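Asks: 3D, please:
(chains A, B, C and D)
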Protein chains: 2
Amino acid sequence: MTSTLGFAIMAVLARGARTGYELATAMSRPLGYFWTAGHSQIHVDLQKLLAADLVRFEAEHGPGPQGRKVYHLTPQGREALRDWVTEPPRSRPERDELVLKSYASWLADPEQVAELFRERLAEHEARIAEYERQQADFEDVPAADRPAFGNYATLWCGLSYERHRAAWCRWMIEQLGAGS
Amino acid sequence: MTSTLGFAIMAVLARGARTGYELATAMSRPLGYFWTAGHSQIHVDLQKLLAADLVRFEAEHGPGPQGRKVYHLTPQGREALRDWVTEPPRSRPERDELVLKSYASWLADPEQVAELFRERLAEHEARIAEYERQQADFEDVPAADRPAFGNYATLWCGLSYERHRAAWCRWMIEQLGAGS
DNA sequence: ATGGGCATGTAACGGGTTACATGATTCG
DNA sequence: CGAATCATGTAACCCGTTACATGCCCAT
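Replies: This is a model prediction of the structure:
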């Protein structure tokens, strides 16, 4: 059974061949906002994909103890990825530390809690500005059958998420100030 | 080092003494939208909290092979929880399978992808209706030093999140239909 | 020549899920 | 008396993080 990370790797590979190292940088923060992985896990999963013949690699002479390995999707890999896209996602449990903190916030000093949320708000606002810049680089919404559509769709979601988060932070700050 | 689940347990215990079983039901879906855990993990973590003297229990004669154990926070536990609230959250990596699917959606049949998002949209709309009902049960926003404030804050966040998600689903469905 | 970036991997560990194991109480 | 619910716990396994280990290539 291919893990979700396996599909994430294949989703990147569907846009072009990469080394494990390049996959790791593409999937590290702050890029790749929706699936992150360290290089160790990527190498492990690449070997599983290799065993299932969903990816293959061209060995190249280059840096590293074993040289470069440029991975690409096999036709089966592309097919498996396409089939996976339309399957309903297995829902992962929501785990949000900041929401948990808000749940216990009544115990703490409101001013300190407000400070915590002011810091988060600044982060969200910075990300909103960055995503808006990225969105402005698109002249139009790409057509749904072009790879760029995937980029645009995730960007739209990320922007919407950050705005929702920022709004919540503002509401929290307001509430915490109102009691004084 | 207390795990985040440890703090989640303490956050529930701060509202009143519970058994491990009651903690597990309180932290299972669909309740407890922001931190879930199975009973096995809860028992493991309760033993760690016990070792750190952050919680204690009263043994009661009752059901179960070892009887009931009603856990409550110790003063140190309450203090640790209060201190933790105002510490910045260690950010967990964003991992969102649906966003990943949207990133690879250009590979698949638009109508099938649209169907996937219509199903998700229906789920979000159902949750919005439920959360709105719960929100209506509050007459006012509770004061920031009352436990109910924590409930209201998480509910606010959950509602805002579901609306953002629903909006994204609607946008996706629209885009996927536009190409025909 | 040496330091930083490129590059591939393994090992140890922690947290979480699922399955397994056990048994008391309560209600019909 | 049997089933559902309440209740506690262990074991196997998976996934991910962090740390460790190695070594090439290129620019200064």
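
Asks: Now do the helices in chain A.
Replies: Using DSSP state H, the helices of chain A run over A:4-13, A:20-26, A:39-51, A:75-85, A:97-103, A:110-136, A:147-178.

Asks: Among those helices, which comes closest to B:His124?
Replies: B:His124 lies closest, by C-beta to C-beta, to one member of these: helix A:147-178, at 12.5 Å. All C-beta spots, glycine's among them, are computed from the backbone N, C-alpha and C.

Asks: For the helices of chain A, give me TSV that also has distance to B:Arg82.
Replies: As requested, those are exported to TSV (distance: least, C-beta to C-beta, whole Å):
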stretch	distance to B:Arg82
helix A:4-13	36
helix A:20-26	39
helix A:39-51	36
helix A:75-85	44
helix A:97-103	11
helix A:110-136	10
helix A:147-178	15
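
Asks: and the ones you listed as a markdown table, adding mean neighbour count?
Replies: Compiled in a markdown table, the helices of chain A are given as follows (neighbours: other C-beta atoms under 10 Å in any protein chain shown):
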| stretch | mean neighbour count |
| --- | --- |
| helix A:4-13 | 24 |
| helix A:20-26 | 18 |
| helix A:39-51 | 16 |
| helix A:75-85 | 17 |
| helix A:97-103 | 24 |
| helix A:110-136 | 16 |
| helix A:147-178 | 20 |
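
Asks: JSON lines for the ones you listed, including mean pLDDT and distance to B:Arg118?
Replies: Formatted as JSON lines, those follow (pLDDT from 0 to 100; distance: least, C-beta to C-beta, whole Å):
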{"stretch": "helix A:4-13", "mean pLDDT": "97", "distance to B:Arg118": "22"}
{"stretch": "helix A:20-26", "mean pLDDT": "96", "distance to B:Arg118": "30"}
{"stretch": "helix A:39-51", "mean pLDDT": "97", "distance to B:Arg118": "31"}
{"stretch": "helix A:75-85", "mean pLDDT": "98", "distance to B:Arg118": "15"}
{"stretch": "helix A:97-103", "mean pLDDT": "97", "distance to B:Arg118": "27"}
{"stretch": "helix A:110-136", "mean pLDDT": "97", "distance to B:Arg118": "25"}
{"stretch": "helix A:147-178", "mean pLDDT": "96", "distance to B:Arg118": "15"}
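
Asks: Tell me which of the ones you listed lies nearest to B:Pro89.
Replies: Relative to B:Pro89, the nearest member of those by C-beta to C-beta is helix A:97-103, separated by 3.9 Å.

Asks: so what are the domain limits for chain A?
Replies: Chain A is divided into the following domains under automatic domain parsing: A:4-85, A:97-178.

Asks: With distance to DNA strand D as extra columns, can I get those domains in a markdown table?
Replies: Shown next, in a markdown table, are those (distance: least, C-beta to the nearest atom of the strand, whole Å):
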| stretch | distance to DNA strand D |
| --- | --- |
| domain A:4-85 | 3 |
| domain A:97-178 | 14 |
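
Asks: Make TSV from those domains and add distance to chain B to it.
Replies: Below are the domains of chain A laid out as TSV (distance: least, C-beta to the nearest C-beta, whole Å):
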stretch	distance to chain B
domain A:4-85	4
domain A:97-178	4
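
Asks: Of the ones you listed, give the one that comes closest to DNA strand C.
Replies: For DNA strand C, the closest of the domains of chain A is domain A:4-85, at 3.1 Å, according to C-beta to the nearest atom of the strand.

Asks: Contacts (any at all) between DNA strand C and the closest one?
Replies: Yes: interface with DNA strand C: domain A:4-85 contributes A:19-22, A:24-25, A:39-40, A:43-44, A:46-47, A:62-69 (C-beta under 7 Å from any atom of the strand).

Asks: picking up where we left off before, among the helices of chain A, which is nearest B:Gln134?
Replies: Closest to B:Gln134 of the helices of chain A, according to C-beta to C-beta: helix A:97-103, at 14.4 Å.

Asks: Just give me how far that closest one sits from the chain centre.
Replies: Centroid separation for helix A:97-103 versus its chain: 21 Å, with C-alpha atoms, centre = their mean, to the nearest Å.

Asks: So which other helices or strands are in contact with that helix?
Replies: Counting contacts by 3 or more C-beta pairs under 8 Å, 6 or more residues apart in numbering or on different chains; DSSP states H and E, helix A:97-103 is packed against helix A:110-136, helix B:4-13, helix B:147-178.

Asks: Would the last one count as contacting chain A?
Replies: The one in question is helix B:147-178. Yes: using C-beta under 8 Å from any C-beta of the partner chain, helix B:147-178 comes into contact with chain A via B:147-151, B:153-154, B:156-158, B:160-161, B:163-164, B:167-168, B:171-172, B:175-176, B:178.
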